[in-house]
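> Build me a model:
(4 chains)
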Number of protein chains: 4
Amino acid sequence: MIRYLTAGESHGVGYTLIIDGFPAGFKIDFNHLQSFLNKRQNFFGRSTRSCWEENLFRILSGVSEGVTTGAPLSFFIENNSKSQKKPFKDHLKTPRPGHADLAGMLKFDHKNVELVWERASGRETVVRTLCGALSLQFLKEFEIDSLSHVTNIGGVKTPPSKNTFSSLKNALSSSNLLCSDSEIEELMKEKIKSAEKEKTSLGGIFELRMTHLPIGLGSYTQWDQKLDALIAHDLMSIQGIKGVQFGIGFLYGETPGHQAHDEIISTTQRKTNNAGGIEGGMTNGEEIIVSCTVKPPATLLKPLSSIDVDTQEKTKAFVSRSDVCFVPSAAVVGEAVLGIQILNAFLKKFGGDSLSQTKKHYETYCKQIK
Amino acid sequence: MIRYLTAGESHGVGYTLIIDGFPAGFKIDFNHLQSFLNKRQNFFGRSTRSCWEENLFRILSGVSEGVTTGAPLSFFIENNSKSQKKPFKDHLKTPRPGHADLAGMLKFDHKNVELVWERASGRETVVRTLCGALSLQFLKEFEIDSLSHVTNIGGVKTPPSKNTFSSLKNALSSSNLLCSDSEIEELMKEKIKSAEKEKTSLGGIFELRMTHLPIGLGSYTQWDQKLDALIAHDLMSIQGIKGVQFGIGFLYGETPGHQAHDEIISTTQRKTNNAGGIEGGMTNGEEIIVSCTVKPPATLLKPLSSIDVDTQEKTKAFVSRSDVCFVPSAAVVGEAVLGIQILNAFLKKFGGDSLSQTKKHYETYCKQIK
Amino acid sequence: MIRYLTAGESHGVGYTLIIDGFPAGFKIDFNHLQSFLNKRQNFFGRSTRSCWEENLFRILSGVSEGVTTGAPLSFFIENNSKSQKKPFKDHLKTPRPGHADLAGMLKFDHKNVELVWERASGRETVVRTLCGALSLQFLKEFEIDSLSHVTNIGGVKTPPSKNTFSSLKNALSSSNLLCSDSEIEELMKEKIKSAEKEKTSLGGIFELRMTHLPIGLGSYTQWDQKLDALIAHDLMSIQGIKGVQFGIGFLYGETPGHQAHDEIISTTQRKTNNAGGIEGGMTNGEEIIVSCTVKPPATLLKPLSSIDVDTQEKTKAFVSRSDVCFVPSAAVVGEAVLGIQILNAFLKKFGGDSLSQTKKHYETYCKQIK
Amino acid sequence: MIRYLTAGESHGVGYTLIIDGFPAGFKIDFNHLQSFLNKRQNFFGRSTRSCWEENLFRILSGVSEGVTTGAPLSFFIENNSKSQKKPFKDHLKTPRPGHADLAGMLKFDHKNVELVWERASGRETVVRTLCGALSLQFLKEFEIDSLSHVTNIGGVKTPPSKNTFSSLKNALSSSNLLCSDSEIEELMKEKIKSAEKEKTSLGGIFELRMTHLPIGLGSYTQWDQKLDALIAHDLMSIQGIKGVQFGIGFLYGETPGHQAHDEIISTTQRKTNNAGGIEGGMTNGEEIIVSCTVKPPATLLKPLSSIDVDTQEKTKAFVSRSDVCFVPSAAVVGEAVLGIQILNAFLKKFGGDSLSQTKKHYETYCKQIK
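The predicted model follows:
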């Protein structure tokens, strides 16, 4: 099983990641890791920092000639020197609504906001994304593939997708908002531009898909082992995520049973996939489909009402450089953390200390269920 | 910190629960526990089993004269003798769409469906509810209160609530669908009756609220410590839940930042509560508001297409007694498991091996943040 | 992976055990479980309770026709009605040296000793033994075998054993002190009898052995994954254990390197086994040999000095029925908990949700390392 | 609660440490950390690497102006450039008896020994020591103090100590073998010199002491929460440790009950401390006294018999630079990891997100038990 911890602050020296339990004998494709990280970065609507910050990672342990050894992997991503210059001279006392600022100050006895936001920042997801990209690489050895795409920005929505996994993946390749529909994408960009003008920010919704999963990852046998619960935890832990749903999600509320459930055609095939690939806390062989809602960034150029925590007087929240919209970035992070949880479920079921061992175990199961 | 495990099967001898880590010195109100369990049981739309099954629990350890000792608590709820008679003579081979049946059989090499559904059954939540009811009792010592209510059954919805916590709680007292609006409730009942006639089933949505929480439960400092993530895990682990959202949830997708975030009036007061009481993975002092979507029961009297797992031939899924709708029950379970997670967050922050110790610790914090 | 929690008190209604994560498809030999429990019970030197207490267990969940289903197993062992009568009328205020009594009262704000000792009692090991006996049964499917024997009671010691595993096992079959040397056993009994006369108690040392283990259980890669550390934890957690050592243990202190280490003859064979089968936190294919020291029972008929916790006045500790010596029982418990940890290490390495899956995975590894 | 993971290899770029859960508001004394690390390093009998390796650490996150923020702490210790040159040109195929080499190769499918020993190396303890030194610093805020000393090297032993904590600490200040008796120390050095000449290595025994602990850390209520079990795990996880005992440890085997147990004089005072400060899995207010046996280093200049793993032919184990004896270093590491576990037990009992909160909670307990 994978365990991982992250450390680092938004304007500190950088971010550290330790991944424990990754199987041995896996040749890492470092170019793919870097391009996955870059993918998280450069979307329309992100702040200027995403332009100058390169997110070059350095691997510090756990490999020999690019192949994992079973030892813990560790990575360091240095913050750009420009980022390391903290943007504020005076300590900030005016917490932002929608952010960890105020609760964090009280919780830890902090006297200013920076001591909170430095760690609460969404920039921390850069190393989680790295961990997830690596997990997804490993899963590729078992032909498991994934994608993420944006279905709603500020109310501009794509119609419910009837695309197959591969056609959807193709449709995304040219988008810089991770939107599968180029016309809608233009509208989304307009929406973002006008939000920028109005000094506000936008949230949205993204969807993740993962395909070619073996049946029976996760378990119904104990409350905390359900795969959908574990995935929901990990997605909800991403900065800005406020809701998670599988398959048709909240539409289950208005869909009667005979239309809601996915009829069984064969052991490995269903007529529909309303459940989003998970029944009883386990993969059922269909694609995992899970979508998340992302709140708008909390830092606004036209700031909201706040207080000065020292004086308790009413004032405005502090202002800083910020994204107008980070939904596509959150989607990439989501895809990454989904990968980590699926790898974990995979290793729980199949065991193995090296890629070749895990593969052999996996193959005996494939034979069994055929 | 609380740890708990459940065991038991739907038509076995009963359900067992062990709760480890509950503080000493707390006088349990057993009548309240029983009435909380009963509340889960007897809603409109539940199957006949919910009528004859009494859910009388027996406490097996962890108390002396009704007061917790710090030792693990254990409970046993015997299944009614009627329930212990398994309803089927022959082993079932035709898994139901929407249930753990098929994936469970493959995962565990099971040759029939009962070996899966016996454990996957929603009846397991009876002991989780017990654990949660106890947690909520403990939290009452700190004036933390909670409620659950149903906002949608099969598409029949209550309007967005503007009720205060206490007026909402009052409105619920007379409902047997946990619906705060008596007119809507009638429509919901009609909906259920007609679904029953059509031999289908209904899902819905419920909302949980918890009030008077201290600021700073949960943490933003490590990815897996965010309180909203932990709550999402626990709610999504309830049988039938397919989506979880905090505050305005998926509406964040279409609400711009200046309208979305909750302006700060004072350290302990906000203008709105769109965030549902959690910012940066911590309680912010507002009510926790979280809602969940529940899928319709998977067992249908007019069964869906399935296969015979032995012959792979097409057939219909098996049929058994089942609920038409269990949304209100799921809501009660949800309230209970929310209680467990909040108690955990509470004990993480305040420590203490006995109620009186935890109280003293809590009071020093209350002084600090004032 | 196995998780388990125990609950119950020495003079309560009984002990409850939940085991989560046990693979499906394993036919439990209930007679063996019962005889393993009985083995723990009836040794020379135990108190009268061990005669009247039958330790009949009841399985409450997790099996169908005696075969595990993958669902959590739960067991209940009722305390004899004689035991359920608490032996004391007045609340005890005079804690015993050597027991949890005093620290437990302060920790949990308890006003009398019973609230502590009821849970701290060594009787709790009855359900851990059950859990371990089941684990050992499962390991037998992989030809892994174990034994426990007593090497020292109150200073009466067996000479260092040169027995093979099987000859040692034979030598133990007729002993009722788990001693392999019948002459020494007689001396041990004399020692116990005279201790009884002197109203004191005796500790000792036992040794555990486990054979036919695959190489590579446990791991050196992260500090908390070393198998010897995990085993040491579990053994030290047994009531009364004060020391744990592998192989020659504390004699490593005086054995130079060229004599201490076990020369390699082939991949699966060593010249000696000073290390007790574990190198670098992993099994090395040799027998696991681990020994533990057990302190004398803390309840003495000629009681030691204590205080009255209410008045702080000097007095004697309270007196109750107690064992003179429970070293052989502790040995049986030790063998059981060793079984649990090894099963865990096994499942971590090989995965699998059913016995047949785990077996197939195991076989691929056996082929690999040959 | 503290969680920590380490990463890094003996001849890699360096070692990384992430510590999660450390309370906020604690001013780190970096000089003390460095001197604690240095203390681990420079003992008589260590190899030349301990001379050239400086173990300068860099803190990467979790502090602001030297004060902890509640965010995860991360540290990096770069390996000296001399160390980063791997000392061997050809891949090693001849595993050493007494080391992780052989089992590690089989476990992870490794084709050479370096892929194992790089991570299994005792050098990993450098970052655990850092984590422990920080924990001990924090505990100093509560007047908890600790020491480690060597009582046996290769059979040269100090007599059982009757020193008080402070006189023992004084006696150690001038030793470069952590031995409290200067005459014995000279004999130990002679022993080490002659072992070096004979190209062998030496093990030994060390003892740890910790003082001024509150009563009631750890718990008897669940098998895995006993403090002695948790400490035994952590100590046994240190490279080279083969045995752990509390107080008089294996002498309990020959000490009858009336002499073994520590009579109670007052709530906070005992006549003796044979138990080593832990009864029933909890601190009892006396000093924690725990001792460990350390095996001799496995790398010998006159190598032991081994095989070539490729050809299975008999040969000698490979030879490299190594320590003759690292018992004092292991003692320092032991003191450090004891500190981590005690800090954890402390935070479990007292909670608090900042030093000042934890202190307030602690003080309420001190009042209670008085």
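
> helices or strands next to the helix or strand hosting residue A:183 in the packing?
According to DSSP states H and E, residue A:183 maps onto helix A:182-197. On a contact count with 3 or more Cβ pairs under 8 Å, 6 or more residues apart in numbering or on different chains; DSSP states H and E, helix A:182-197 meets strand A:145-153, strand A:156-157. C-beta here means a position set from N, CA and C on the backbone, and glycine is covered the same way.

> and the angle for the first one with helix A:182-197?
This points to strand A:145-153. For strand A:145-153 against helix A:182-197, the angle by axes from the mean of the first three to the mean of the last three Cα atoms, to 10 degrees is 60 degrees.

> Return the list of strands paired to strand A:145-153, each annotated with direction.
strand A:156-157 (antiparallel), strand A:204-211 (antiparallel) (DSSP bridges).

> Of the ones you listed, which stretch is the most buried?
strand A:204-211 (a mean of 25; mean count of other Cβ atoms under 10 Å in any protein chain shown).

> where exactly do the helices run in chain A?
A:30-41, A:49-52, A:81-84, A:101-108, A:114-120, A:125-140, A:165-172, A:182-197, A:227-236, A:257-260, A:327-350, A:355-369 (DSSP state H).

> Quick check: phi and psi at the residue in chain A sticking out farthest from the centre.
Distance to the chain centre peaks in chain A at residue A:311, reaching 38.2 Å (criterion: Cα atoms, centre = their mean). In terms of degrees, to the nearest 10, the main-chain angles of residue A:311 are phi -100, psi -10.

> Reformat the helices and strands packed on helix A:182-197 as JSON lines; add mean pLDDT.
Below are the helices and strands packed on helix A:182-197 laid out as JSON lines (pLDDT from 0 to 100):
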{"stretch": "strand A:145-153", "mean pLDDT": "97"}
{"stretch": "strand A:156-157", "mean pLDDT": "97"}
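
> Dump the strands paired with strand A:145-153 into a markdown table; add distance to residue A:53 as well.
Compiled in a markdown table, those are given as follows (distance: least, Cβ to Cβ, whole Å):
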| stretch | distance to residue A:53 |
| --- | --- |
| strand A:156-157 | 27 |
| strand A:204-211 | 22 |
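
> do you know which of those strands lies nearest residue A:289?
strand A:204-211 (5.4 Å; Cβ to Cβ).

> Next, the contact list for residue A:207, please.
Residues near residue A:207 by Cβ atoms under 8 Å, 6 or more residues apart in numbering or on different chains: A:148-149, A:151, A:161, A:289-291, A:331.

> Repeat that for residue A:303.
A:96, A:316-319.

> Need the pLDDT of it.
pLDDT, residue A:303: 92.

> go on, residue A:131?
Residue A:131 is assigned a predicted lDDT (pLDDT) of 98.

> ditto for the one 5 residues further on
Residue A:136 carries a pLDDT score of 98 in this model.

> isn't it right next to residue A:142, touching?
No - judged on Cβ atoms under 8 Å, residue A:136 makes no contact with residue A:142 at a distance of 11.0 Å.

> hmm, back to that, looking at the contacts of residue A:207, spot the one nearest residue C:52.
The closest of these to residue C:52 turns out to be residue A:290 (Cβ to Cβ; 57.5 Å).

> give me the beta-bridge partners of the closest one?
Residue A:290 has these beta-bridge partners by DSSP bridges: residue A:208, residue A:246.

> for the nearest residue to residue A:313 once chain neighbours are set aside, what are its contacts?
Excluding the flanking residues, the one nearest residue A:313 by Cβ to Cβ, 6 or more residues apart in numbering or on different chains is residue A:307, at 6.5 Å. Residue A:307 makes contact with A:94-95, A:313-315, B:264-267, according to Cβ under 8 Å, 6+ apart.

> Now for residue A:219: which residues touch it?
Per Cβ under 8 Å, 6+ apart, neighbours of residue A:219: A:225-227, A:281-282, B:107, C:70, C:353.

> contacts with chain D among the contacts of residue A:303, please.
Applying Cβ under 8 Å from any Cβ of the partner chain to the contacts of residue A:303, one finds that nothing falls near chain D.

> Show me which of the residues you listed is closest to residue C:16.
Among those, residue A:96 lies closest to residue C:16 (Cβ to Cβ), at 49.3 Å.

> Go ahead and confirm that closest one touches residue A:301.
No - judged on Cβ under 8 Å, residue A:96 makes no contact with residue A:301 at a distance of 11.9 Å.

> Show me which of those two is the more surrounded one.
Applying other Cβ atoms under 10 Å in any protein chain shown to residue A:96 and residue A:301 shows that residue A:96 carries more neighbours, namely 27 against 16.

> how near is the closest residue to that one other than its chain neighbours to residue A:208?
Spatial nearest neighbour of residue A:96, excluding adjacent residues (Cβ to Cβ, 6+ apart): residue A:317 at 4.2 Å. According to Cβ to Cβ, to the nearest Å, residue A:317 stands 32 Å off from residue A:208.

> swap in residue A:308?
Taking Cβ to Cβ, one finds residue A:308 at 41 Å from residue A:208.

> Also residue A:255?
For residue A:255, the distance to residue A:208 equals 21 Å [Cβ to Cβ].

> that older thread, using CSV, please lay out the helices of chain A together with mean neighbour count.
CSV is the format used below for the helices of chain A (neighbours: other Cβ atoms under 10 Å in any protein chain shown):
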stretch, mean neighbour count
helix A:30-41, 16
helix A:49-52, 14
helix A:81-84, 13
helix A:101-108, 28
helix A:114-120, 25
helix A:125-140, 24
helix A:165-172, 15
helix A:182-197, 17
helix A:227-236, 26
helix A:257-260, 22
helix A:327-350, 26
helix A:355-369, 18
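
> rank those helices by pLDDT, which is bottom?
When I compare the helices of chain A, helix A:49-52 is least confident, with a mean of 68.

> and residue A:297, what does it touch?
Shown in contact with residue A:297 (Cβ under 8 Å, 6+ apart): A:201, A:240, A:322-326, B:257.

> try it again with 7 Å
By Cβ atoms under 7 Å, 6 or more residues apart in numbering or on different chains, residue A:297 lies in contact with A:201, A:322-323, A:326, B:257.
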